[in-house]
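Asker: Below is the sequence, then the predicted model.
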Amino acid sequence: MAALDSGPFVWHDWLTRQDALTTYFKPKSVEQLLAFLATVPDLRKLRMRAVGSGHSTSDVARPFRLARDDKRAGIAVLLDAMELAFAETGGRWWRSDFPKELPGEKLHRVRAGMSIAELNQELAARGLAMANLGSYDGQTVIGAIATGTHGSGMATGPLADLVASIEMIAILKDPAGKPAVKHLRIEPKDGPTDPATFGAAHARGEHDLELIADLARGKAKERYAPIVQKLMGRAYYELIERDRDVLLMQIHSYVGAGIDEQARDAVRRCFARLYDLVKRESGASMAEIKHWFAHGMLHNVMAAIRAHELDEEWARALTENHEEECG
């Protein structure tokens, strides 16, 4: 394994509006990234934040959980030098009958940490090109996909619509309920990977990926509803910790809704939109959405009265693991 590339690092967004003195780690392979995760004492307490190229100017991307919290300095894991996990020339693991939506369309594996500019150069060298892109090419591929970056055409979807399969390192639970690091290839049931040839290659030791291709396209949200809810909850947790005014405004709105009809109508409309958003993005059941909102309201109240500052049984019981369980 190649020597680790790591050291002091000043992270900043593309406009240098947000910056932080931290440490960087630049893995050159999936093996190095897996080795890094193996050094984490407790994976259940690991907090990760996808930053990409820092194209957003929000402080949510800073390597500190809170802007004022210097004791929680993070490590910037830079993926721009990390190669693909394995060579796959000739598409020997792809299904020959995988449907093409456009004439001449081809499957192409790309590195998540490369920039759109690098992707364009790589495609051009092979006589290929994207059908449509936005005007800026400094984002990372995964950053553009995760944030819904789109091109300039009215009839074309975002870059994420072009993704047929994704490879990722995930922290899941083993049979004993303990966290376990997994190297996965995830795609719909009718995705591009041929399970037979892919499985045979795994048996020969050509790769260490586990194929998850048991999802019908319309069922993906149902399976990942708990994950989506947890991510949405964590984003909200970060928001109200950074900006207490948002929390207090909510609390005041509920008081106003109890005595004023216009305020009540406004809060009802807000809750209706929130419900529709959570239902649409998570695909969760009514019972799951009800639990999600109930947990969030408990967190609102505990945060408003700063219960986490008290060393009393009731406070500990109602606030313990809020960050881990939010959502």
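Answerer: Cool, the structure landed. Numbers count the residues shown, from 1 in each chain.
Asker: the strands in the stretch 201-327 of the chain, which residues?
Answerer: 210-215 (DSSP state E, counting those that start in this stretch).
Asker: need the contact list for Leu34.
Answerer: Residues near Leu34 by Cβ atoms under 8 Å, 6 or more residues apart in numbering: Ile169, Val181, His183. In short, each C-beta sits where N, CA and C put it, glycine included.
Asker: Kindly report the same for Val163.
Answerer: If you count contacts by Cβ under 8 Å, 6+ apart, Val163 has them with Ile145.
Asker: quick one: which of the contacts of Leu34 has the most company?
Answerer: Top of those by neighbour number is His183, holding 17 neighbours under the definition other Cβ atoms under 10 Å.
Asker: Could you verify that that residue is part of a strand?
Answerer: Yes - His183 forms part of a strand when assessed by DSSP: H, G, I helix; E, B strand; the rest coil.
Asker: isn't it right up against Ile169?
Answerer: Yes - with contact defined as Cβ atoms under 8 Å, His183 and Ile169 form a contacting pair (5.7 Å).
Asker: Name the residues contacting each of these two.
Answerer: Residues touching both His183 and Ile169 by Cβ under 8 Å, 6+ apart: Val30, Leu34.
Asker: Could I get the average pLDDT for stretch 14-29?
Answerer: Stretch 14-29 comes out with an average pLDDT of 84.
Asker: Quick one: end-to-end length of that stretch, please.
Answerer: For stretch 14-29, the first-to-last residue distance is 25 Å (Cα to Cα, to the nearest Å).
Asker: May I see the buried residues of it?
Answerer: Residues of stretch 14-29 classed as buried: Gln18, Ala20, Thr22, Tyr24, Phe25, Lys26, Pro27 (neighbour count, 16 or more other Cβ atoms under 10 Å).
Asker: how about the fifth one, what does it touch?
Answerer: Taking Cβ under 8 Å, 6+ apart, we find Phe25 in contact with Leu4, Asp5, Ser6, Phe36, Ile75, Ala76, Val77, Leu78.
Asker: what sits opposite it in the beta ladder?
Answerer: Ser6, Val77 (DSSP bridges).
Asker: please renumber so the chain begins at 30
Answerer: Done: numbering now begins at 30, and the last item shifts to Phe54.
Asker: how near is it to Ala110?
Answerer: Remark: distance between Phe54 and Ala110 (Cβ to Cβ, to the nearest Å) = 11 Å.
Asker: And for the fourth one?
Answerer: Distance of Tyr53 to Ala110, given as Cβ to Cβ: 11 Å.
Asker: before we move on, the earlier item: out of the contacts of Leu63, which comes closest to Arg309?
Answerer: Arg309 lies nearest to Ile198 out of those, by Cβ to Cβ, at 27.8 Å.
Asker: Assess the claim that that closest one and Leu62 are in contact.
Answerer: Yes - the pair Ile198 and Leu62 qualifies as a contact (Cβ under 8 Å) at a distance of 6.4 Å.
Asker: Distance to Gly262 added to the buried residues of stretch 43-58, as TSV?
Answerer: Putting the buried residues of stretch 43-58 into TSV (distance: Cβ to Cβ, whole Å) gives the following:
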residue	distance to Gly262
Gln47	23
Ala49	25
Thr51	26
Tyr53	29
Phe54	28
Lys55	31
Pro56	29
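Asker: closest to Thr86 among those residues?
Answerer: Of the buried residues of stretch 43-58, the one sitting nearest to Thr86 (Cβ to Cβ) turns out to be Gln47, at 6.4 Å.
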